[in-house]
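>>> Any chance you could fold what I've pasted below:
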Amino acid sequence: MLRFAARRLLGAIPLLFAASVLSFVLVANIGDPQKLEDLRLKPGVSERTIAQLESKYGLDQPVVTRYVKWIGNFVTGDWGTDSNQVEVRPDLGRALLVTLKLLLFAEIASVVLGVLVGVISAVRQYSAFDYVMTGLSFLFFSIPTFVLASLFKQFLAIEVNPWFRQPSISVTVSVVFVVLGTLCGVGVVRTRHRYERTTPLNKTLIGGLVGAALVVAFLVVFKLGWEGNTYRQGDPSPLIPTTSESSESLSGGWWVHFEDFFWHALLPSLTLITITFAGYSRFMRASMLETMNADYVRTARAKGLSETRVIVRHAFRNALIPLTTVVSLDFGGLIGGAIITESIFGWSGMGRFFTDALAAKEPEPILAFVMVTAIAVVVFNLIADLLYARLDPRVRLD
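You can find the predicted model right below:
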């Protein structure tokens, strides 16, 4: 395995070299940095001042000379500075840390939910659960990111924050919840008896009553324990923030900082989870259905193994292989920044770093961003290959 990893990493060097050349050529042709263009438009600026700034950016040298100088500095750890004389490397490292904190939880939750829903949908194919999850997956997958993020911002924060300060549930909403609980209970019973010609009436009634009883119990606990109680009195800040990744001038221990990060990351994480979970669940369902019809699965059933053992030990492991590629490449690509999500929620991550650098046409930050993203994609592609060998014993790395 170590030899395979070393070969792949050595093979990635020409790929990264080609990516650096292509990126440098594109950046060199997007125009002069915005600061230089603004300086040229100012009246009274001497030609000497403009020439000094052009020399600083290396615009007085051929493209090949500039590339050789840049790639040599990048390999040795000198990633240059932006127009404000801020070093690119620590600034990009800070942005990368912000993005990783956001993506780590979102990606793990998306994979867990996607795998769980995909497996249940495949095992209970054409059930009520399958139909509902299929509809929701297509709905979430088709909604643009900026629309979903804006909806979450409006209805899960702006509209909900005042309710959190003095929570209450009206009679109409309570009735709707009871009806939904009843329907969910009936749906669970019908799913369990989907292979029978008719569902027993008494079990259907019991399922509906149990669903309604659970909702009523929740409403009673809410009415007795929470409704009418004031919350966060004297604190004008909203419980669910809609912008930035942390509160300013925050003091306290690690729990205070963790709680602050949790509420700030709630909406952007939920946006990423909703979109990526939809795709993962569809991939997992299709892969699981294909695996369940394989010859070795039918052989395992013919040997008398329990259905749980057949699914967990034989089908599930091989069904994960296609999803491994998707998850690995997604995570490597998302390290480049969830640009839309970070922009809407005001997070200063890799997405904001790239958009700011692109707007200012800063060559050093743009090139550093592209190279870090390319390296992340190569590394996670290698991780996907290593996971193949772990999941499928037929794959040999050496």
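
>>> and V176, how far is that from T182?
11 Å (CB to CB, to the nearest Å). Quick note: C-beta positions are derived from backbone N, CA and C, even for glycine.

>>> higher neighbour count, the two?
More crowded of V176 and T182, by other CB atoms under 10 Å: T182, with 20 against 13.

>>> Which strand or helix spans that one?
For T182, the enclosing helix or strand under DSSP states H and E is helix 171-192.

>>> Quick one: list the elements packing against that helix.
If you count contacts as 3 or more CB pairs under 8 Å, 6 or more residues apart in numbering; DSSP states H and E, helix 171-192 packs onto helix 128-142, helix 201-225.

>>> So for the first one, mean pLDDT?
Put plainly, it is helix 128-142. Computed over helix 128-142, the mean pLDDT rounds to 87.

>>> Give the buried residues for that helix.
For helix 128-142, a neighbour-count test (16 or more other CB atoms under 10 Å) marks A128, F129, D130, M133, T134, S137, F140 as buried.

>>> before we move on, what about stretch 57-74?
Neighbour count says stretch 57-74 has Y57, G58, L59, R66, Y67, W70, I71, F74 buried, by 16+ other CB under 10 Å.

>>> pLDDT on that stretch, on average?
85.

>>> chain center to it: distance?
35 Å (CA atoms, centre = their mean, to the nearest Å).

>>> Show me what the one helix or strand F74 maps to is in contact with.
Assigned by DSSP H and E, F74 falls within helix 63-75. With CB atoms under 8 Å, 6 or more residues apart in numbering as the contact definition, helix 63-75 has outside contacts at 20-21, 24-25, 28, 58, 61, 79-80, 364, 367-368, 371.

>>> Going by distance to A265, which of those wins?
In terms of CB to CB, no member of the contacts of helix 63-75 lies closer to A265 than A368, at 25.1 Å.

>>> where does that closest one sit relative to F129, distance-wise?
Counting by CB to CB - A368 and F129 are separated by 46 Å.

>>> what's the answer for E47, then?
72 Å.

>>> T172 now?
T172 is 28 Å from F129, by CB to CB.

>>> Also A278?
15 Å.

>>> cool, R7 as well?
Taking CB to CB, one finds R7 at 45 Å from F129.

>>> tell me which residues of stretch 302-319 are tucked away?
V310, I311, H314, A315, F316, N318, A319.

>>> For my notes, confirm the second one occurs in a strand.
No: counting by DSSP: H, G, I helix; E, B strand; the rest coil, one finds I311 to be helix, located in no strand.

>>> Just the pLDDT for the spatially closest residue to it that is not a sequence neighbour.
Residue nearest to I311 in three dimensions, not counting chain neighbours: V123, with 6.4 Å by CB to CB, 6 or more residues apart in numbering. Per-residue pLDDT puts V123 at 86.

>>> what do you get for L104?
85.

>>> How about the secondary structure of the residue most central in space within the chain?
In the chain, the centroid-proximal residue (CA atoms, centre = their mean) is L272; its distance is 4.1 Å. Recorded secondary structure, L272: helix (three-state DSSP).

>>> residues contacting it?
Per CB under 8 Å, 6+ apart, neighbours of L272: L102, L103, A106, E107, S110, L334, A338, T341.

>>> residue ranges with poor pLDDT in the stretch 151-300 of the chain?
193-199, 227-237 (pLDDT under 70).

>>> Any idea how many residues pack against E54?
For E54, using other CB under 10 Å, the count is 17.

>>> Now do the same contact list for it.
Here E54 is in contact with L36, D60 (CB under 8 Å, 6+ apart).

>>> Just the CA coordinates for the helix or strand it falls within, please, in CSV.
Taking DSSP H and E as the definition, E54 sits inside helix 47-57. What follows is helix 47-57, C-alpha atoms only, in CSV (Å, rounded to 0.1, in the frame of the first residue of the first chain):
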residue,chain,number,x,y,z
GLU,A,47,4.9,57.2,-14.8
ARG,A,48,7.7,56.3,-12.4
THR,A,49,5.1,55.3,-9.7
ILE,A,50,3.2,53.2,-12.2
ALA,A,51,6.5,51.6,-13.4
GLN,A,52,7.5,50.7,-9.8
LEU,A,53,4.1,49.0,-9.2
GLU,A,54,4.4,47.1,-12.5
SER,A,55,7.9,46.0,-11.5
LYS,A,56,6.5,44.8,-8.1
TYR,A,57,3.9,42.7,-9.9
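
>>> which parts of it are buried?
In helix 47-57, counting by 16+ other CB under 10 Å, buried: L53, E54, Y57.

>>> now swap in stretch 381-389 and tell me
Of the residues in stretch 381-389, those buried (16+ other CB under 10 Å) are N381, L382, I383, A384, D385, L386, L387, Y388.

>>> go on, stretch 243-259?
E245.

>>> Please measure how far the first residue of that stretch sits from its last one.
End-to-end distance for stretch 243-259: 16 Å, by CA to CA, to the nearest Å.

>>> Ok, stretch 75-89 next?
Using CA to CA, the two ends of stretch 75-89 sit 12 Å apart.

>>> before we move on, what about stretch 354-365?
8 Å.

>>> and that stretch, average pLDDT?
For stretch 354-365, the mean confidence score works out to 87.

>>> Quickly name whichever of the contacts of helix 63-75 is closest to S287.
Distances from S287 to the contacts of helix 63-75, taken by CB to CB, are shortest for M371, at 33.3 Å.

>>> about what we covered before: which residues touch the residue nearest to I311?
M288, M292, I311.

>>> Apart from its chain neighbours, what residue comes closest to the second one?
So that's M292. A315 (5.4 Å).

>>> Hmm, V297 and the one you found touching each other?
Yes: the pair A315 / V297 is scored as a contact, 5.4 Å apart, by CB atoms under 8 Å.

>>> who touches both of those two?
T291.

>>> circling back to that earlier point, with pLDDT, distance to A12 and secondary structure as added columns, please give the buried residues of stretch 381-389 in CSV.
CSV is the format used below for the buried residues of stretch 381-389 (pLDDT from 0 to 100; distance: CB to CB, whole Å; DSSP: H, G, I helix; E, B strand; the rest coil):
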residue, pLDDT, distance to A12, secondary structure
N381, 81, 8, helix
L382, 81, 8, helix
I383, 81, 13, helix
A384, 79, 13, helix
D385, 77, 12, helix
L386, 78, 14, helix
L387, 77, 17, helix
Y388, 74, 17, helix
